[in-house]
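Asker: Here's a sequence, model it:
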Amino acid sequence: MTPMVDLVADLGEGFGAYTMGDDEALLEMLTSANVACGFHAGDPRIMDATVRTCVEKRVSVGAHPSFPDLVGFGRRAMDLTPEEVRTDVLYQIGALQAFAVAHGTRVHHVAPHGRLGNLVAVRPDYARAVVDAVASLDASLVILAQDGELADAARARGLRVGIVGIADRAYRDDGTLVPRSEPGAVIHDPEEVARRTLRMVTEGVIRSVDGTDVEVACDTVLLHGDSPGAIALASRVRAQLLAAGVEITSLDKVLSGKGV
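Answerer: Alright, predicted model coming up:
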């Protein structure tokens, strides 16, 4: 059977007069987008423009909710209660839904950002809070996550889950990411990233920092657009997948092909 995968990236992560990444170029390579919802990045004008362009490029729109941390770009730990996480996530998805409806589309998935995204993989209370927010709003939304507490909690509530592979980040033996604060957490060599991506998609494994092949599911590959050479790296990854006969397609088609 032909392997299939969705390609997603975090978009709309500027704020006011500040921009981050080349969203226009990146959108040419994507099938899905995680759109910042205003708490770590993004503002009403940027959200509106990003959703409009996604519709023009036929790229599925997803919400990228975060801790309320504009200064730290959502990458700092915050001592929020689960109820604060639930309502903050609900608020952010709702904001993006407004722009999606205004442009004739809908929010297709939810992908927690940054430190929140890391914590929902290991904290059951935060994972349940995100799932509660999504399930109460729209149970057809797909949860994008790595294997862990959020994926488990979403499946337990009957929500669809898309597992994210992050080829330019180093993995530990337990399948979690090496924190950005540690050396070697981010991989910059395009050839290595492309090789790692292909193995994730076609073999279901990735090499850990300790040299062990770790089993990883991969329904969608996250392409980062906010680092030097990001567009060239994303282009190399896409080309490698296509050359290997991988079908790059929508997340819905990928999950349907797996019976999800």
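
Asker: secondary structure element for Val55?
Answerer: helix 44-57 (DSSP states H and E).

Asker: for that helix, which positions count as buried?
Answerer: Buried residues in helix 44-57, counted by 16 or more other CB atoms under 10 Å: Ile46, Met47, Asp48, Thr50, Val51, Thr53, Cys54. C-beta: built from backbone N, CA, C; applies to glycine.

Asker: go on, stretch 119-139?
Answerer: Under 16+ other CB under 10 Å, the buried positions of stretch 119-139 are 119-121, 123, 126-135, 137.

Asker: likewise stretch 142-159?
Answerer: 142-154, 159.

Asker: for stretch 195-209, how far is the first residue from the last?
Answerer: End-to-end span of stretch 195-209 (CA to CA, to the nearest Å): 15 Å.

Asker: and that stretch, average pLDDT?
Answerer: Averaging pLDDT along stretch 195-209 yields 92.

Asker: what's the distance between that stretch and the middle of its chain?
Answerer: 17 Å (CA atoms, centre = their mean, to the nearest Å).

Asker: Any chance you could list what contacts it?
Answerer: 3, 5, 165, 167-168, 170-173, 178, 184, 187, 213-218, 221, 237, 240-241, 244, 246 (CB atoms under 8 Å, 6 or more residues apart in numbering).

Asker: tell me the phi and psi of Glu192?
Answerer: Main-chain torsions, Glu192, degrees, to the nearest 10: phi -70, psi -40.

Asker: coming back round to it: any chance of the buried residues of helix 44-57 in JSON lines, with pLDDT and distance to Gly204 too?
Answerer: Shown next, in JSON lines, are those (pLDDT from 0 to 100; distance: CB to CB, whole Å):
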{"residue": "Ile46", "pLDDT": "98", "distance to Gly204": "36"}
{"residue": "Met47", "pLDDT": "98", "distance to Gly204": "35"}
{"residue": "Asp48", "pLDDT": "98", "distance to Gly204": "38"}
{"residue": "Thr50", "pLDDT": "98", "distance to Gly204": "32"}
{"residue": "Val51", "pLDDT": "98", "distance to Gly204": "33"}
{"residue": "Thr53", "pLDDT": "97", "distance to Gly204": "33"}
{"residue": "Cys54", "pLDDT": "98", "distance to Gly204": "29"}
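
Asker: Closest one of the residues you listed to Met20?
Answerer: Ile46 (10.0 Å; CB to CB).

Asker: From Thr53, how far out is the closest one?
Answerer: 11 Å (CB to CB, to the nearest Å).

Asker: How about Arg236?
Answerer: Relative to Thr53, and taking CB to CB, Arg236 is found at 23 Å.

Asker: So which residues of the stretch 1-150 of the chain form strands?
Answerer: Listed in chain order, the strands found in the stretch 1-150 of the chain under DSSP state E, counting those that start in this stretch are 4-11, 32-36, 60-64, 107-110, 142-145.

Asker: List just the one of those that sits closest to Val254.
Answerer: Closest among the strands of the stretch 1-150 of the chain, using CB to CB: strand 4-11, at 4.9 Å.

Asker: mind listing what's buried in the one helix or strand Arg236 maps to?
Answerer: Per DSSP H and E, Arg236 falls inside helix 230-243. For helix 230-243, burial by neighbour count (16+ other CB under 10 Å) applies to Ala230, Ile231, Leu233, Ala234, Ser235, Arg236, Val237, Arg238, Gln240, Leu241.

Asker: of all those residues, which comes closest to Asp10?
Answerer: Among those, and counting by CB to CB, the member closest to Asp10 is Ala230, at 10.7 Å.

Asker: Tell me how far the residue nearest to that closest one when sequence neighbours are not counted lies from Ala167.
Answerer: Spatially, and ignoring its direct neighbours in sequence, Ala230 is nearest to His224 (6.0 Å; CB to CB, 6 or more residues apart in numbering). As judged by CB to CB, His224 and Ala167 stand 10 Å apart.
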